[in-house]
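A.B. asks: kindly return the folded structure for what I paste below:
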Amino acid sequence: MGTQERLPPLCVDLDGTLIHADLSIESIIRGIKKSLWTLFALPAWLIHSKSRAKAELAKLSSLDASSLPYNEEVVRIVEEAKRCGRKVILVTGSNQDLAQKVQDHLGIFDDIMASDDETNLTGSTKASALIARFGKDGYEYVANGAVDIPVWESAVAAITVNAPRQIVRRVAALGKPHKNLVSGKSRLRIWLKAIRIHQWAKNSLIFVPLMTAHRLLDVDALLAGALAFLSFSLCASATYIFNDLLDIDADRKHPRKRNRPFAAGLLTVQEGLLASVALLAVGIASALLLPLWFQLSLLAYLTTTVLYSCWLKRVSSIDVLALAGLYTLRIIAGGMATETALSFWLLAFSMFIFLCLALVKRVAELIDLERSSDGTEERSAAGREYEVSDIRILQILGACSGYLAVLVLALYINSPEVSLLYATPELLWLVGPLMLLWITRLWIVTARGYMHDDPVFFALTDPETWLAAAFTAVILYCASTFTF
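C.D. replies: Okay, here's the model as predicted:
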């Protein structure tokens, strides 16, 4: 009797096992992005059957199997089984067309068993199909979820992959040879990364109106600002998750964004949707304790963010203006929450400096794309209308925008309003050269390809930025305190 006949076939689940993702759920997002009509057709498909819904969604899904987040440990197990002469089968509840794309990319399976137009190959249905083909206790099964319990019950051996503890205990209780694979990554760290807690630093812009109006010692205003900061941060995190779910395919093709929790499959789409709704609910509830104008500002921010995620970010030029507007909205919201008057100078400065930062972000992405391209790959940013050939003009526009922000600052220093707030406004002229130096260095770093695709993250970790900020703070303090 040969080796292949002695060893049972290895049957491997796809969603959550071979890949850190659920193709059926992700197909819904892809279908809705392709056509909003999918949202209304989906209930009718589900009423007919789950297999019908999966088949229709698969037709709409433009799946790139090469970018999927594969579980390398499971792939190694499959490759080892192949070397031992075992038959290896991909057994999945996802539609057969999607499973075939995975096999076409990996090329490591001897056969595929998957859902089709009539059969939803999950749970007891999957178990029955495997028993009919290999017999009871005639196969080893690798999977991750509660729906797979009937399949493990009929298997000769079991491997659980990143399964919940209660599932691991139930499989172990079956008394079969059992191996458990776990990732070992901290869930807390993954969630902190998913909500982009470092991005909350952006929302400190809410306190800018208080600072420019010299109201930082107003306790009531500070408390209102803190509540506005919390509300904005929670709502912003909800929109970050929403955006990541919509961008999941494009992120997987990006050299750094592919490591984001949802693109990498460290968190599921279902978890993301629940977290986004929960964060949004708490954020809005916090906003109800603040003035109506703040609530309207937050609503404008959320509306613009949704439009940005669904459409605006795909339109060149408009997307960077939208990003600059979202930053400026934070300052407006801070003025509304603390009931602080907003000056024309502050808003004009904000639009120019934030447009500069938005363009830095786009240029950094395009430079990364240019460096990773070998001349035969696509040379346009995934999900964007920008191309590598746009780098030069975007650099010019970004630098001009940054320098215009400094010009607005200079005009403000020379305006009558400034003498009402500062004892020695002439000292403010020292801020101009600091800003010119910082903006110039920002664009040099970007041109050399050292810029992170998130300028805020770069600024938070850049010593020179912190040094420039410290000098600026000292200058502002001296200008407002001392008379020369």
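
A.B. asks: may I see the buried residues of stretch 246-256?
C.D. replies: For stretch 246-256, a neighbour-count test (16 or more other Cβ atoms under 10 Å) marks 246-254 as buried. Quick note: C-beta positions are derived from backbone N, CA and C, even for glycine.

A.B. asks: typo on my end, it should be stretch 273-280
C.D. replies: Buried-residue list, stretch 273-280, by 16+ other Cβ under 10 Å: 275-276, 279-280.

A.B. asks: likewise stretch 33-47?
C.D. replies: Buried residues in stretch 33-47, counted by 16+ other Cβ under 10 Å: 33, 38, 42, 45.

A.B. asks: before we move on, what SS does Ala423 have?
C.D. replies: coil (DSSP: H, G, I helix; E, B strand; the rest coil).

A.B. asks: what are the ranges of the strands in the stretch 1-150 of the chain?
C.D. replies: For the stretch 1-150 of the chain, the strands defined by DSSP state E, counting those that start in this stretch cover 10-12, 88-95, 111-115, 140-143.

A.B. asks: Ala348: which of the buried residues of stretch 33-47 is nearest?
C.D. replies: The nearest member of the buried residues of stretch 33-47 to Ala348, counting by Cβ to Cβ, is Lys33 at 36.1 Å.

A.B. asks: any idea what sits nearest that closest one, other than its immediate chain neighbours?
C.D. replies: Spatial nearest neighbour of Lys33, excluding adjacent residues (Cβ to Cβ, 6 or more residues apart in numbering): Leu246 at 6.6 Å.

A.B. asks: that neighbour and Leu98, how far apart?
C.D. replies: 19 Å (Cβ to Cβ, to the nearest Å).

A.B. asks: and Ser35, what does it touch?
C.D. replies: By Cβ atoms under 8 Å, 6 or more residues apart in numbering, the residues touching Ser35 are Leu60.

A.B. asks: look up how far Glu56 lies from it.
C.D. replies: 11 Å.

A.B. asks: before we move on, what about Gln96?
C.D. replies: Distance of Gln96 to Glu56, computed by Cβ to Cβ: 13 Å.

A.B. asks: where does the prediction get shaky in the stretch 201-350 of the chain?
C.D. replies: For the stretch 201-350 of the chain, no stretch has pLDDT under 70.

A.B. asks: tell me where it has helices.
C.D. replies: Ranges of helices in the stretch 201-350 of the chain, per DSSP state H, counting those that start in this stretch, are 208-212, 219-246, 248-252, 269-287, 292-310, 318-338, 344-372.

A.B. asks: and which of the buried residues of stretch 33-47 is nearest to Val360?
C.D. replies: For the buried residues of stretch 33-47, the nearest to Val360 is Lys33 (27.3 Å; Cβ to Cβ).

A.B. asks: excluding its backbone neighbours, what's nearest Gly334?
C.D. replies: Ile206 (3.4 Å).

A.B. asks: wait, that neighbour touches Ala228, no?
C.D. replies: Yes. With contact defined as Cβ atoms under 8 Å, Ile206 reaches Ala228; the gap is 5.1 Å.

A.B. asks: so what sits against both of the two?
C.D. replies: With Cβ under 8 Å, 6+ apart as the test, Ile206 and Ala228 both reach 333-334, 337.

A.B. asks: need the buried residues of stretch 273-280 in TSV with distance to Gly85, can you?
C.D. replies: TSV is the format used below for the buried residues of stretch 273-280 (distance: Cβ to Cβ, whole Å):
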residue	distance to Gly85
Ala275	45
Ser276	47
Leu279	51
Leu280	53
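
A.B. asks: and the two most separated of those?
C.D. replies: Every pair of those checked by Cβ to Cβ; the farthest is Ala275 and Leu280, at 9.5 Å.

A.B. asks: joint contacts of these two?
C.D. replies: Ala238.

A.B. asks: on that earlier part again, right, so of the helices of the stretch 201-350 of the chain, which gets closest to Ala127?
C.D. replies: Going by Cβ to Cβ, the one of those nearest Ala127 is helix 269-287, 23.7 Å.
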